[in-house]
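Asks: Take this sequence and fold it.
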Amino acid sequence: MKIKQSNILWAIGLGIAGLTLNAWSQENPFIKDTTKPVIQGDQRENLLILIEHILVPNALLDQWEQDHKKETISRAIAGQWLKDGKARLVHSSLQTSLGRERVSNRSLKELIFPTEFTQMGEGAWPRPHDFESRGAGYSEDVVLSINKKGKVVIQSVLECSSSKSSGRPFDALVDKTRKADDLLIPDFSVDRMDVCCESPLNESLLVGRLRLGHESERTRLIFVKTDVVQDGPLKQKPSSKKEAIRLDCKVVKVSHKAWSEQFSRKGLNHMRQQSWEWAQAGVLSGKASVVFDGSSVMRLKEIVRIEDVKEVVYATKYVPRELEGKAIAARTLESALAPADFETKKCGHTLEFMISGIENDMLDVACALDLVSHHGDTVSHRVKDGEHWVPDVTMPQFLSTRLMTRFRIGFGQYSLVSVMGGFNEDGRLNDMERLLVFVKVQ
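Replies: Numbers count the residues shown, from 1 in each chain. Next up, the predicted model:
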């Protein structure tokens, strides 16, 4: 059995003030070529970006544009539609990142499904013998920088994808005997937008608009707001590289609507500084909950990992059974496919971070947060057992929320460094709640 452990590689170039996180927390055994995030540059700005996705009915949008031909839709107008219940806020994220550093934020349902089949004759399902893994949900990769005009330059790839869990039929017997939630060859729909623009500080800007072809009655509007972090300098500094520094991280689940209404119209620094007290009040009143709470003590330039995980072992390959060296006819329970190769996935909470140094009286922190859960198994092949068709090829379904970023922070109080999405108990994207990530060093 091959077991791939969670592995984030960190590297610091001696000649540059840069840091590279080479990989996400776990390799995907079904992806032959994974692109590794690369962080580069030597910019000192500590920047914020708020990204919001709002779905607006086409009829409402068309009528507004007919009545306001010389105007552009603003966040204030969309906000009024939200208040009136005419539009829906489906996604919000907040990221803190150093200039020219790549920050990645993903909320994905990881689906493993067959891509190649072999016909096994009349009365038997085709045998799947090659699988692929693909995520469905929200994915954001953003690089921010400040130009000479004092505006934030945004370079980003924003993607929202979804899938039909059942997949389309491809075989008459399969179509007749399958269950509704069997995962065969799923259809994916993808809304993707590459954004490259300038953003004035602390002003909402409409950067994307897409009329949904697969959901033709609504249009997706994407707004962004940026600012420069205004944390105060360190009140005290480590006297040496050997002095211990403690880092605390908390992830709090809050109401999406309540958080947006409380902070979206205010400045991002106000949001960053005041969200902690607001979230704590929610926890004490039962309106919010803590989903992760971890801390550790380290010295400068040391990597620290905090894990609370359970290993899920699953087969990645299935082969026909043999009896006395001969293949069994593929029409009975005795012909059920046998698992051949296995992988291990860590489910739970994993946090890795490193304080690489002090720049401009701020601590330089790189972190990767991984929240993964096992959301049952999917069926890709069935074999007949009497009057019933029972599953013999299953694959796990994982829900993952992942953050990778680098930022600077002062001592002594919790600061909001990220806002992420999550999932409902039924495995669907949860647009009713957000995960607020707070970090404190002392």
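Asks: Could you give me the buried positions within the strand or helix carrying Gln63?
Replies: Secondary structure from DSSP states H and E places Gln63 in helix 58-67. Neighbour-count burial for helix 58-67, counted by 16 or more other Cβ atoms under 10 Å, picks out Leu61. Glycine gets a C-beta too; all of them are placed from N, C-alpha and C.
Asks: got a list of contacts for that helix?
Replies: Helix 58-67 is contacted by residues Ile73, Ile77, Trp81, Lys86, Ala87, Arg211, Ser216, Glu217, Arg218, Thr219 when judged by Cβ atoms under 8 Å, 6 or more residues apart in numbering.
Asks: Just the CA trace of it, in PDB.
Replies: Extracted in PDB, the C-alpha atoms of helix 58-67 (Å, rounded to 0.1, in the frame of the first residue of the first chain):
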ATOM      1  CA  ASN A  58     -31.800  38.700 -16.000                       C
ATOM      2  CA  ALA A  59     -35.200  40.500 -16.200                       C
ATOM      3  CA  LEU A  60     -34.200  42.900 -13.300                       C
ATOM      4  CA  LEU A  61     -30.800  43.600 -14.800                       C
ATOM      5  CA  ASP A  62     -32.200  44.200 -18.300                       C
ATOM      6  CA  GLN A  63     -34.800  46.600 -17.000                       C
ATOM      7  CA  TRP A  64     -32.300  48.500 -14.900                       C
ATOM      8  CA  GLU A  65     -29.900  48.900 -17.900                       C
ATOM      9  CA  GLN A  66     -32.800  50.100 -20.000                       C
ATOM     10  CA  ASP A  67     -33.600  52.800 -17.500                       C
END
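Asks: List the contacts of the spatially closest residue to Ala340 that is not a sequence neighbour.
Replies: Leaving aside its sequence neighbours, Ala340 sits nearest to Lys317 (Cβ to Cβ, 6 or more residues apart in numbering; 4.3 Å). Residues in contact with Lys317, defined by Cβ under 8 Å, 6+ apart, are His129, Phe131, Pro339, Ala340, Asp341.
Asks: Identify each buried residue in whichever strand or helix holds Ser275, please.
Replies: Ser275 is part of helix 268-285, with elements assigned from DSSP H and E. By neighbour count on 16+ other Cβ under 10 Å, the buried set for helix 268-285 is Leu268, Met271, Arg272, Gln273, Ser275, Trp276, Trp278, Ala279, Gln280, Gly282.
Asks: these two touch, right, the third one and Leu416?
Replies: Spelled out, it's Arg272. Yes: at 4.7 Å, Arg272 and Leu416 qualify as touching, with contact defined as Cβ atoms under 8 Å.
Asks: Please identify every residue contacting each of these two.
Replies: In terms of Cβ under 8 Å, 6+ apart, Arg272 and Leu416 are both contacted by the residues Leu94, Thr96.
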